[in-house]
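Trainee: please work out how this folds:
(6 chains)
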6 protein chains.
Amino acid sequence: MFLRIDKLQVELPMAEEPDAVAAQAVQELMGGRFGEMSTLMNYTFQSFNMRGKDKIKPFYDLVASITAEELGHVEAVAATINGLLTGAAPREEGAATKHPLEGIVGREGLPHHFLLGGQGSLPYNSQGLAWNGDYVFNSGDLVLDMLHNFFLECGARMGKLRVYESTSNPIARELCGYLLVRGGVHQVAYAKALEKLTGVEVTKMLNIPNISNNEIPEAKKYQDQGIHTVLYRFSPDDYKDVDKVWNGVRPEQ
Amino acid sequence: MFLRIDKLQVELPMAEEPDAVAAQAVQELMGGRFGEMSTLMNYTFQSFNMRGKDKIKPFYDLVASITAEELGHVEAVAATINGLLTGAAPREEGAATKHPLEGIVGREGLPHHFLLGGQGSLPYNSQGLAWNGDYVFNSGDLVLDMLHNFFLECGARMGKLRVYESTSNPIARELCGYLLVRGGVHQVAYAKALEKLTGVEVTKMLNIPNISNNEIPEAKKYQDQGIHTVLYRFSPDDYKDVDKVWNGVRPEQ
Amino acid sequence: MFLRIDKLQVELPMAEEPDAVAAQAVQELMGGRFGEMSTLMNYTFQSFNMRGKDKIKPFYDLVASITAEELGHVEAVAATINGLLTGAAPREEGAATKHPLEGIVGREGLPHHFLLGGQGSLPYNSQGLAWNGDYVFNSGDLVLDMLHNFFLECGARMGKLRVYESTSNPIARELCGYLLVRGGVHQVAYAKALEKLTGVEVTKMLNIPNISNNEIPEAKKYQDQGIHTVLYRFSPDDYKDVDKVWNGVRPEQ
Amino acid sequence: MFLRIDKLQVELPMAEEPDAVAAQAVQELMGGRFGEMSTLMNYTFQSFNMRGKDKIKPFYDLVASITAEELGHVEAVAATINGLLTGAAPREEGAATKHPLEGIVGREGLPHHFLLGGQGSLPYNSQGLAWNGDYVFNSGDLVLDMLHNFFLECGARMGKLRVYESTSNPIARELCGYLLVRGGVHQVAYAKALEKLTGVEVTKMLNIPNISNNEIPEAKKYQDQGIHTVLYRFSPDDYKDVDKVWNGVRPEQ
Amino acid sequence: MFLRIDKLQVELPMAEEPDAVAAQAVQELMGGRFGEMSTLMNYTFQSFNMRGKDKIKPFYDLVASITAEELGHVEAVAATINGLLTGAAPREEGAATKHPLEGIVGREGLPHHFLLGGQGSLPYNSQGLAWNGDYVFNSGDLVLDMLHNFFLECGARMGKLRVYESTSNPIARELCGYLLVRGGVHQVAYAKALEKLTGVEVTKMLNIPNISNNEIPEAKKYQDQGIHTVLYRFSPDDYKDVDKVWNGVRPEQ
Amino acid sequence: MFLRIDKLQVELPMAEEPDAVAAQAVQELMGGRFGEMSTLMNYTFQSFNMRGKDKIKPFYDLVASITAEELGHVEAVAATINGLLTGAAPREEGAATKHPLEGIVGREGLPHHFLLGGQGSLPYNSQGLAWNGDYVFNSGDLVLDMLHNFFLECGARMGKLRVYESTSNPIARELCGYLLVRGGVHQVAYAKALEKLTGVEVTKMLNIPNISNNEIPEAKKYQDQGIHTVLYRFSPDDYKDVDKVWNGVRPEQ
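Mentor: Now for the predicted structure:
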């Protein structure tokens, strides 16, 4: 069961002017194979499907709890895209006959941002392809699922860095910085889960690609606040056994 | 932002024996065009993307609030599928060489329930096709979006009735009964929203298909409890303006 | 059974110069979820599949008859795209070695207009994705199917307005104007069908989005001719019971 | 422009009892890569897109004219599927609670015939996948397009034979017999078109697979009537230059 | 550049009788997300795209060399499916009219094995969906690509075990046994690659799922021959630096 | 079974500067319906699936042998795309914060070349859609499969000419020239196969589209070397019966 609160997890700057090209790139973080819909839906299905929840409770709590945070990440990506598209085609009196979309559609960004959607975020990747359920992996084998999640977060980290590299737009950069830090927490969490399950020191394999969050000013800001060391629970009372996985040293990233 | 609580919205009966065929049919309520992932994701994107939230706050509150309940519906559908698959292929010592999946895969239900997933729910429809983001509609035109949502809930009502007709399995029937009642609330809610916006009495157009919930014992049970007259908020403090849409008479259904 | 006549339903202006970007946008009216292939194929399958045609003959006649007109709409969209692409890459003697497609492919419009197709219309939407049969809805429940069709025409109206807003190209605008008027007739027709079936005044819910056809010069022209008040039959002798649905006042649009 | 007549091209026998498995197989002739939607849509787009129609008028007339007949073939395939599904799940008073679809969905035929569609034909192939526009080929090179069409009709012939081999159901067999004969006409027509254009005797390459229509009783019946020697025009007055392609000897098939 | 030799990598038993259901399950090893087409194409693209091949030569040699073996695995999967389908529908004189496919299509296995393909293997998964290029991952970051490959081989191992569990057919079992052993070599190889690159002992994380190859008689047979300890090069003279990755102890599996 | 050699079939010029637009166009030759992955995979599956190899050995040898060459063609296409993308986004110290992808992603070429892939070739077509197994045709009817292959090679020839026309980039042109010549050999080979099987002079139908390879300087160069007259075997010892198909006069092209 889920509750909703009318608040964004991260404070995003106001857009100075519309930027449909950046909006297109950020869609990769929404509906791409390694975007936030993918992390959300993988953890959603895994947590819904886990059997024998008593025996594996710390891992269940971990995945279930991260799911709730991922919902907020999808929301933040949507807010970013919306900010980037706001004002792209101002509609005034008689707007239709003035062709407010001329010079935009087919030249900048995704045509569906304007022709099908309402200048808002879409469940698409940066190439305009819809997210789909084939991106969900849930084998029922706990170790394999944790390995998948670790790989998924590594791929997601790469995606955030690449979108960051593709734009200097401050809203998009702020989003990437925030997601690099919070996604980093999840990457570490699944590495720690694998360590508990297999004894292999997966936390030594974090910096993929090999760029530290501290080299990214928009990420460093959040690491300076220390939020990269906290695993949020996003639940009034449940999922407290995450502490049995999230403990010990938080490796550098 | 979302919080999670470790509890199912509806109490489902225990499975007496596995039923992979019913599990396949129930997948339509998960990943079908009119399944719960579709209602969830439509309202998710619509609520994330709405602009001018002050002017249209009651409608924003409505969509945003229903989103949170839909998450719980997806969870209930997953629990049903999991219940139907539990025990389908018991794994004991040396299970692999005894071919526990023989006679199941390719004969009953979806092969991926066994070969790719771990005998749990998948983001697929009843034919094994993955849910995808093309099922999301969000034009940015409030009236059109509400019309879409009303149509979507009508289609979803048909889907639940058809899955109900396809099985006598008590877990699947309990799920359908519950969703018919709660989905009915959302169908009425969007009808009322259209009425506020256009003056057209859409609430007179509810019984699609023309079978009353009271003819379905598993739905009547919940209507007798009166839960079909309540629009849940699923939020500690927000979205209170749903009352500006959800008021007046609750039509029969 | 169908007959074909070698004539276009609407007279389109000659293209002054090629406009691959407008051609890309107009593809949304061809193969998009709310394009003319979708209206065509929805009504095709619904009319093919209707049972008990005696009892519901006026509705069968309505859907069957509109199908035939939609075929002509697909033809008009194709003619528009072809007009917009004509001359984009003139082929003369030795054309291949002069790279006639250079500067076009990958910069303007859809690559497949040039690399796969022959500079003609494709069964694609504006993002280059092929139309597919998942866009067809036919539940077998007459009220639900009519509700779907009404929603579909509302969505199609939005699509035509958006494509209109995206270009000042006169061929594309002429097409949009014509389709807004004729699609408007179908929107009204399905609203009237719903009124007959449910008693709800759906015809009061037409202007979605809330821009009158009369504000669009290319549409007003046709409304001034009165063609928005006529439901064509496109059949030598059949489907005459459309009059039992298409009667009474034609609401403003 | 198209006209519609309320009549089927072929007379199909009444169904004795429902046969959801045959209905599934016949879907291959509807929405498969070589089904009737494919032949229809290929010729539709090719005829819409042809340039320089004066110079290549006989070929334009051929493709345009065949298009109209193909529409009727799609209609016949739909009628067959509908006949095979009629009565599969009789709906009486209180039908829902009696589970009329139990024992059908997930065991015989396509789940969507019952859960999404209304026990009618769908734009799907035999595996439940939607037809899509990638099946359309239209290069703009006349010879290549005619070669494609010849290959398409050969593949379609194979498909009809295979569906015929998969069932003894008399409705399905009647459909296959009729389509083998009429599709055979189109196969010959494109072979003749290639001969006119290239001088190569393509009409010697017809019997793919190498089974004569006369070995199939349901096809032989129509060949005995001589309808395999006639190229219908399906137009009141147009496309008369088909005679410039369809002439000379009609090879055995 | 590639050379081909007319020989199968593994000797498969003769089929005793056709088994279309097993053939359907084995398709998961062909075109599934974790099937042999996926391993083949991932390594194909990675090896084609690697830059700076001098610096990373041992890893390039590893991926390039495994690619060639994977081609042979796809061949072995195809041979297995073909063996399972041989004789499913014997074609004799007048076969068409005897309906050789009746009772098969729509009841056992994939309809396309009979209606579209020629009773041979298809590039599909066990649910009849075509393999597609979205299953290829190639980030250009060497560590991330190796991590992906290790995860892919773990998922592939699970898939082979599940197909094994789904059938007692001796051809299918022989294939699974062989692939478990050879795929195990690749799983170890990528684990060793990650160890060289990161220092993390990934080879301790092999048994996913936690069933030893030695518990599977058809796999144990090959391990007893020692072929699980050899990394084949499948090249006359190249890729010799695989030895810089494939060395040290071969962990139990 | 396949062997691999670390060498490209064709020598490509060095890139002078990156050209992401040409890279996008060349993707059509990789993952398009008529690209090299399609020719490769069609012949791969056909050769794997052929039954009765003794009776039809020359045709088996032909398809099997061409398969091996096609693998090298895919490799050459990949090398071309990689050459065109090299240097598009140089990564130096601190590269991330300098936004090396700004001005590229969303403006030139495919976003996934940068955001998901590592500036290398992808299994996509020019519109960013993944290659998929539906492009494989293998009916099991030898004549029909040869006809398909002949059509496929004609379509592939058109694709190469169109990509050539779309760019003046010397790497892309060199690739197109080479593939036109080698693909021409395969086109002739399948024409000859059809001639052997049916007696129809298909080799007279080669120049589709009607532009001679000798008009393309980059193709003429290879024809002057005579490589258009040789059918390579790409096998140490097998497939020698290709000579029973590849003999007689090599028609002009």
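Trainee: okay, CA-based contacts and neighbour counts for the rest of this
Mentor: Fine.
Trainee: neighbours of residue A:13, how many?
Mentor: For residue A:13, the number of neighbouring residues by other CA atoms under 10 Å in any protein chain shown comes to 14.
Trainee: now do residue A:68
Mentor: 25.
Trainee: so how far is chain F from residue A:197?
Mentor: 30 Å (CA to the nearest CA, to the nearest Å).
Trainee: tell me the secondary structure for that residue?
Mentor: Under DSSP: H, G, I helix; E, B strand; the rest coil, residue A:197 falls in the helix class.
Trainee: who are the contact partners of it?
Mentor: residue A:143 (CA atoms under 8 Å, 6 or more residues apart in numbering or on different chains).
Trainee: distance-wise, check it relative to chain C.
Mentor: 43 Å.
Trainee: ok, now residue A:215?
Mentor: 34 Å.
Trainee: go on, residue A:225?
Mentor: Distance from residue A:225 to chain C, by CA to the nearest CA: 42 Å.
Trainee: and for residue A:231?
Mentor: Looking at residue A:231 against chain C, where the rule is CA to the nearest CA, the gap reads 40 Å.
Trainee: per-residue pLDDT of residue A:251, please?
Mentor: For residue A:251, the pLDDT comes out at 88.
Trainee: quick check: it touching residue A:203?
Mentor: Yes - the pair residue A:251 / residue A:203 is scored as a contact, 6.9 Å apart, by CA atoms under 8 Å.
Trainee: mutual contacts of the two, please.
Mentor: Contacts common to residue A:251 and residue A:203, judged by CA under 8 Å, 6+ apart, are residue A:188.
Trainee: the more surrounded of those two?
Mentor: residue A:203 (23 against 11).
Trainee: now for the more buried one: which residues touch it?
Mentor: A:188, A:191-192, A:195, A:251.
Trainee: low-scoring stretches of chain A, by residue?
Mentor: Applying pLDDT under 70 to chain A picks out residues A:90-97.
Trainee: what about the helices in chain A?
Mentor: Under the criterion DSSP state H, helices of chain A are mapped to A:20-31, A:36-49, A:57-85, A:112-115, A:142-165, A:170-198, A:217-224.
Trainee: excluding chain neighbours, what is closest to residue A:20?
Mentor: Once flanking residues are discounted, residue A:20 sits nearest to residue A:109: 4.9 Å by CA to CA, 6 or more residues apart in numbering or on different chains.
Trainee: if I read this right, the one you found contacts residue F:106, doesn't it?
Mentor: Yes - assessed by CA under 8 Å, residue A:109 is found in contact with residue F:106 at 6.3 Å.
Trainee: mutual contacts of those two, please.
Mentor: A:21-22, A:24.
Trainee: which one of these is nearest chain E?
Mentor: Lowest distance from chain E to the shared contacts of residue A:109 and residue F:106 (CA to the nearest CA) belongs to residue A:24, with 19.3 Å.
Trainee: my guess is the closest one meets residue F:106, correct?
Mentor: Yes - using CA under 8 Å, residue A:24 is in contact with residue F:106, at 6.8 Å.
Trainee: the more surrounded of these two?
Mentor: residue A:24 (29 against 24).
Trainee: from chain D, how far off is the more buried one?
Mentor: 25 Å.
Trainee: kindly report the same for residue A:111.
Mentor: Counting by CA to the nearest CA, the gap from residue A:111 to chain D is 19 Å.
Trainee: surely that residue touches residue C:126?
Mentor: Yes - counting by CA under 8 Å, residue A:111 does reach residue C:126; the two are 6.5 Å apart.
Trainee: correct me, but residue A:2 touches residue B:7?
Mentor: No - using CA under 8 Å, residue A:2 is not in contact with residue B:7; the gap is 9.0 Å.
Trainee: which of these two has more neighbours?
Mentor: residue A:2 (23 against 12).
Trainee: name the nearest residue to that one, sequence neighbours excluded.
Mentor: Using CA to CA, 6+ apart, the closest residue to residue A:2 is residue B:4 (4.4 Å).
Trainee: then residue A:132?
Mentor: residue B:132 (4.1 Å).
Trainee: can you tell me how far that neighbour sits from residue A:38?
Mentor: 12 Å (CA to CA, to the nearest Å).
Trainee: circling back to that earlier point, what about the residue nearest to residue A:132, neighbour count?
Mentor: 23.
Trainee: mind listing what it touches?
Mentor: A:130-133 are the contacts of residue B:132 under CA under 8 Å, 6+ apart.
Trainee: quick check: residue A:139 touching residue B:117?
Mentor: Yes - under the criterion of CA under 8 Å, residue A:139 makes contact with residue B:117 at 4.6 Å.
Trainee: the two: who's more crowded?
Mentor: residue A:139 (25 against 20).
Trainee: quickly list what's touching both of residue A:24 and residue F:106.
Mentor: By CA under 8 Å, 6+ apart, the residues touching both residue A:24 and residue F:106 are residue A:109.
Trainee: and the stretch 51-200 of chain A, which of its residues are near chain E?
Mentor: A:141, A:143-144, A:147-148, A:151, A:154-155, A:198, A:200 (CA under 8 Å from any CA of the partner chain).
Trainee: filtering the residues you listed by proximity to chain B, which remain?
Mentor: residue A:141.
Trainee: with the residues of the stretch 51-200 of chain A next to chain E in mind, which one is nearest to residue C:89?
Mentor: Residue C:89 lies nearest to residue A:155 out of those, by CA to CA, at 41.2 Å.
Trainee: residue contacts, that closest one?
Mentor: A:34, E:144 are the contacts of residue A:155 under CA under 8 Å, 6+ apart.
Trainee: lovely, talk soon.
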